[in-house]
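Engineer: give me the fold of what follows.
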Amino acid sequence: MVSLPREGGVAYHAQESWVLNETIRWGTKGVFASTQHLSKLKTHFSKARITLARAVYSQAAILVLDDVLAALDVHTAQWIVDKCFKGDLIQGRTVILVTHNVALAAPIADFVVCLSVDGGVLSTGSLSSALAKDEKLSAEIAKESKTLEKADGGINMSKPDVDCPKTSGKLVVAEEIAVGHVGWTALKLLFSNTGSSVVGLILFWAVNFGFLFVSKLSIILGYWVLALWAKQYEISDPSEISVPRWLDITPSSRIIARCTQDIAAIDTNVVMLFNHVTQMTFDIVLKFFTVIIMSPIFTIPGLLVGVIGGWLGQVYMRAQLAVKRELSNAKSPVLGHFGAAISGSVSVRAYGAEEAFRQKSFLRINRYTRITRTYWNLDE
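Structural biologist: Residues are numbered from 1 along each chain as shown. Modelled structure (predicted):
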C-alpha cells in the first residue's frame, strides 16, 4: 500500500464524466481563455474533454485519470498524449493513469502496474520488466503499435500552411438577464398572434373583454341587490317584517356552522366537484365510444366496468353521506361549548369549574375528531 501526500490537492477524472449544465468557460473556470490549443480542444469537445481539462488545469499536485483515452479515435488520443501529457502543465506532478491503450501511454510511463481481470496485480515496475513478466501484454502492445503506425501514416499531423479562420461562436451561451420592462415589440407579437386575421383578432378581444366586463358587472350588481334588500328593513313597517321562527329554536352554534361550513361547501366544494365530475364523464364517454368504434369486442367489458363502478359509487355515497351528516352535527356542539365558556369565563372561574368545562370540551372535540378522521379516510 502506497500513500501519496495530498497536501497539494488531488484532481480526479472519472470514467463516466460528470459536468454541470453550464458554459465551457464556467466548467473549466476560465482557463481555456489563454490556452494555445483552444481551437483543437473545441474540435473534439465532449464531457470527457471538459473534465480532463478541468483536472489538468487545476492546481492539484496529484492527478487520478480513469481511462481518459477510452472512446477516442487514435488521432485524438495521440494528440492528447503528445500535447497534454507531455506538455508543461504535467511536469512536476504525479499522474495516475488507468488505461487499456498501453502502447500509446508507454512512452510517458515511469512506473507500470499490470492488473488481471479479477483485479490482482500481475506485475509492477518499469515497462520492460512488466513486458518480461507478461507475454500477453507484450502481444497487445505490438498489435497496438502497428495500429498507431498505420494511423500516423494516414494523416498529416503537421501544422497546416493556411490557418483556418477562427469562429467566434459559443457551444453554450451564458443566460442573459434582460433589463427594464417588456418591450412593445414583444407585446405586439403576442397580441397579433391571438387571431389568424384582423377580424379574428378583433372578435377574440371583443369577446374576451365583453365577458370580463359582464362578470365584473354582475359582482357589483350583487352588492347593489344586497344593499337594496337591507334597505327594506328601514323603509318597511316593523310589524310587516317577521323574524324567522327557526332563529328562536336553533342554537347559535348550529347557525354559525350552517352559515360557515355548510354554505362554504355548497358554494365551493359542490360546484368544483360537479365541474370535475362533468369533465370526467365526458372524457370517459368519448374515450369509451372511441374504443368500441375501433374494437367492438370491448363493448361488454366496458359496460361491465361501468356497472361495477356505478355500484361502488353508490356504496361510497351511502357511507360518505352518513359520516358527512354526523360531521355537520358534531361541529356545532364544539363551537357552542367554546362560546359558552368564553362568555361565562368569569362565572366558570368563580365556581372553580374549569376542569369540568375542559373535560366536557375534550369529549366534544374527540367526537368531532373521530368523525373528521373517518370522513377524510373515506374521502381519500
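
Engineer: dump stretch 343-358 to CSV, restricted to CA.
Structural biologist: What follows is stretch 343-358, C-alpha atoms only, in CSV (Å, rounded to 0.1, in the frame of the first residue of the first chain):
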residue,chain,number,x,y,z
SER,A,343,-68.8,34.3,27.5
GLY,A,344,-69.1,32.9,31.0
SER,A,345,-65.4,32.7,31.9
VAL,A,346,-66.0,34.8,35.0
SER,A,347,-68.6,32.5,36.4
VAL,A,348,-66.7,29.4,35.5
ARG,A,349,-63.6,30.6,37.4
ALA,A,350,-65.8,31.8,40.3
TYR,A,351,-67.2,28.3,40.8
GLY,A,352,-63.9,26.6,40.1
ALA,A,353,-65.5,24.6,37.2
GLU,A,354,-62.5,25.0,34.8
GLU,A,355,-61.7,21.3,34.9
ALA,A,356,-65.3,20.2,34.3
PHE,A,357,-65.6,22.6,31.3
ARG,A,358,-62.2,21.3,30.0
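
Engineer: and Val95, backbone torsions?
Structural biologist: phi -120, psi 120 (degrees, to the nearest 10).

Engineer: if it is in a bridge, with which residues?
Structural biologist: On the basis of DSSP bridges, Val95 is bridged to Leu63.

Engineer: what's the weakest-modelled helix or strand in the chain?
Structural biologist: Sorting the helices and strands of the chain by mean pLDDT, DSSP states H and E puts helix 38-43 at the bottom, at a mean of 39.

Engineer: and the next helix or strand past that helix?
Structural biologist: Later in the chain than helix 38-43, the nearest helix or strand by DSSP states H and E is helix 47-56.

Engineer: residues of that following helix that come out buried?
Structural biologist: Using 16 or more other Cβ atoms under 10 Å as the burial criterion, the residues of helix 47-56 that qualify are 48-56. From N, CA and C alone the C-beta is placed, and that goes for glycine too.

Engineer: pull the longest helix from this protein.
Structural biologist: Longest helix in the chain, counting residues (DSSP state H): helix 299-343.

Engineer: quick one, strands of this protein?
Structural biologist: Remark: strands assigned in the chain by DSSP state E are 10-13, 62-66, 94-98, 112-115, 121-125.

Engineer: could you tell me how far the fourth one lies from the centre of the chain?
Structural biologist: When C-alpha coordinates are averaged (Cα atoms, centre = their mean, to the nearest Å), strand 112-115 and its chain have centres 45 Å apart.

Engineer: circling back to that earlier point, which one of the strands of the chain lies nearest to Ala264?
Structural biologist: Closest to Ala264 of the strands of the chain, according to Cβ to Cβ: strand 10-13, at 60.2 Å.

Engineer: quick check: can you name the pairing partners of the closest one and their directions?
Structural biologist: strand 62-66 (parallel).

Engineer: which outside residues touch the strand it pairs with?
Structural biologist: 4, 6, 8-15, 52, 55-56, 90, 93-98 (Cβ atoms under 8 Å, 6 or more residues apart in numbering).

Engineer: just the buried residues out of those residues, in ChimeraX syntax.
Structural biologist: Per 16+ other Cβ under 10 Å, the buried members of the contacts of strand 62-66 correspond to this ChimeraX selection:
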select :10,11,13,52,55,56,95,97,98
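
Engineer: hmm, who's touching stretch 241-250?
Structural biologist: Stretch 241-250 has contacts (Cβ under 8 Å, 6+ apart) with 232-233, 255.

Engineer: point out where the chain drops to low pLDDT.
Structural biologist: Along the chain, segments meeting pLDDT under 70 span 1-2, 17-46, 71, 131-138, 141-176, 195, 240, 243.

Engineer: domain parsing for it?
Structural biologist: The record's domain parsing of the chain by automatic domain parsing lists 10-154, 187-240, 246-379.

Engineer: how many neighbours does Pro333 have?
Structural biologist: Neighbourhood size, Pro333 [other Cβ atoms under 10 Å]: 20.
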